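1. fold the following for me, if possible:
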Amino acid sequence: MAKLFYKDKPIIGLDISQTGMKVMSVDPKKWLVTGYGSIDLDPSKVQQSLDSGDDYLTRNIKDLLGKSLVGNLASDHAVLGVPAGRAFTRTFTVPPNSEKHLQEAVELEVEQYIPLPMSTLYVDYEIIERAKDQLTVLMCAVPRTVVDSCIAIAESAGLRVAMVETSISAVARLLEATEEGHLPTVIVDIGPASTDIAILDRSIRIAGSLNVGGNTFTLDIAKKLKVPLENAHQLKILSGLSAGSRQQKIQSALNPSLERIVAETRRVMRYYDERIADHRKLEQVLVVGGGANVPGIGEYFTNELVMPARVASPWQKLDFGKLAQPAKHFRPRYITVAGLASVPPEAIWS
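-> Numbering: from 1, shown residues only. Sure thing, here's the model as predicted:
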């Protein structure tokens, strides 16, 4: 019998977002990084490329793989990450005797809660918990145009897409392995342009997103303190919310955006507590992503949410071997792609 096409191939991660592309190759048995790279993108051109199919993203992925790699990629078979903000993730329950008709239950959930026709979506689901009186089902739906465009971009650079998953699921995989992610956890993933918030309780239970990110913080500081963007970025990553002569001004500048993130985080937590928790208690808040490099942001979330919060740092698990590591302030941008690259190949075929 012939082997499955991808069976013996290592896997690499490819993360495509509005602000950049990242690629990484990890040996999941040793957590050894064999290659990685990133390239920044113009958000407006990304959107135009996804909508019109022009060659902006194709040119950039070829540049990333051809000119911007540190080390080498172990394979051309990729797990592709799509932004959580473009996905719809829901958890719902059904009676045990409904398992044979689960597809119909999923279609009903899509019709009731997702503002797009079923025919325009890729929908996947799995039973994540079984109890005597109910089955808990996790459902994820992503617009077909988003997935198809991203796959075409990957294939244009000679990659073969073996699996597609949301960026927040990839982050959760890495946090489970490195940051006591077995505990019921609130994930706050602050990217450059948006923030994804999710509850990790053995799997992602619910996710939300809003258009506030690290770049928003920089703009807030520049506007409030009347300084150039470059100076604002330095103030953000060097002073941030930590005690110091400028703390009050910086915190005043960041408060409106941070309050929006906190409000969405509370909404997601409330949904989990009221509809999903089943007597389980949320234990921690983990802040990740490129926008998490604001000194004092962990303490800020601890105070606002009255729950232990910290900036996650999975780097003690990842071994870069002889490769030059990313600069400290750039490392958070690689968390999603490291999670994508850490999918065991057998998991794709299980």
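2. pull the longest helix from the chain.
-> In the chain, with assignment by DSSP state H, the single longest helix is helix 247-271.
3. immediately after that one, which helix or strand?
-> Going down the chain from helix 247-271, the next helix or strand is strand 284-288, by DSSP states H and E.
4. give me the sheet partners of that next one and which way each runs.
-> strand 185-190 (parallel), strand 309-311 (parallel) (DSSP bridges).
5. tell me which of the ones you listed is the most buried.
-> Among these, ranked by average contacts under mean count of other CB atoms under 10 Å, first place goes to strand 185-190 (a mean of 26). All C-beta atoms are positioned from the backbone trio N, CA, C, and that covers glycine.
6. and the contacts of that strand?
-> Residues outside strand 185-190 that contact it (CB atoms under 8 Å, 6 or more residues apart in numbering): 84, 167-168, 171-172, 175, 179, 195-201, 213-214, 261, 265, 268-269, 282-292, 301, 305, 307, 335-336.
7. now the residues you listed: which count as buried?
-> 84, 167-168, 171-172, 175, 179, 195-201, 213-214, 261, 265, 268-269, 282, 284-292, 301, 305, 307, 335-336 (16 or more other CB atoms under 10 Å).
8. I'd guessed Ile197 sits against Ala207; true?
-> Yes: with contacts counted by CB atoms under 8 Å, Ile197 reaches Ala207, the gap being 6.9 Å.
9. and the closest residue to Asp55 other than its chain neighbours, how far is that from Ile187?
-> Leaving aside its sequence neighbours, Asp55 sits nearest to Ser49 (CB to CB, 6 or more residues apart in numbering; 7.6 Å). Distance of Ser49 to Ile187, computed by CB to CB, to the nearest Å: 29 Å.
10. likewise for Gly339?
-> Counting by CB to CB - Gly339 and Ile187 are separated by 11 Å.
11. between these two, what contacts are shared?
-> Contact criterion CB under 8 Å, 6+ apart; residues shared by Gly339 and Ile187: 171-172.
12. where along this protein do the helices fall?
-> Remark: helices assigned in the chain by DSSP H are 43-52, 56-67, 102-113, 144-156, 167-178, 214-225, 229-238, 247-271, 297-305, 335-341, 345-349.
13. please save the CA atoms from the fourth one in CSV.
-> What follows is helix 144-156, C-alpha atoms only, in CSV (Å, rounded to 0.1, in the frame of the first residue of the first chain):
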residue,chain,number,x,y,z
ARG,A,144,-13.5,30.4,1.9
THR,A,145,-12.0,33.4,0.1
VAL,A,146,-9.5,34.0,3.0
VAL,A,147,-8.4,30.4,3.1
ASP,A,148,-8.2,29.9,-0.7
SER,A,149,-6.2,33.1,-1.1
CYS,A,150,-3.7,32.2,1.6
ILE,A,151,-3.3,28.7,0.2
ALA,A,152,-2.7,30.0,-3.3
ILE,A,153,-0.1,32.4,-2.0
ALA,A,154,1.8,29.6,-0.2
GLU,A,155,1.6,27.4,-3.3
SER,A,156,2.9,30.2,-5.5
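14. relative to helix 56-67, how tilted is it?
-> Between helix 144-156 and helix 56-67, the angle comes out at 40 degrees (axes from the mean of the first three to the mean of the last three CA atoms, to 10 degrees).
15. now the angle from helix 144-156 to helix 43-52?
-> Using the same axes, to 10 degrees: helix 144-156 against helix 43-52 is 100 degrees.
16. quick one: residues in contact with helix 144-156.
-> Contact with helix 144-156 is made by 14, 16, 49-50, 53, 57-58, 61-62, 78, 80, 82, 86, 120-122, 160-161, 164, as judged by CB under 8 Å, 6+ apart.
17. swap the cut-off to 7 Å and go again
-> The contact list for helix 144-156 (CB atoms under 7 Å, 6 or more residues apart in numbering) reads 14, 16, 50, 57-58, 61, 78, 80, 82, 86, 120-122, 161, 164.
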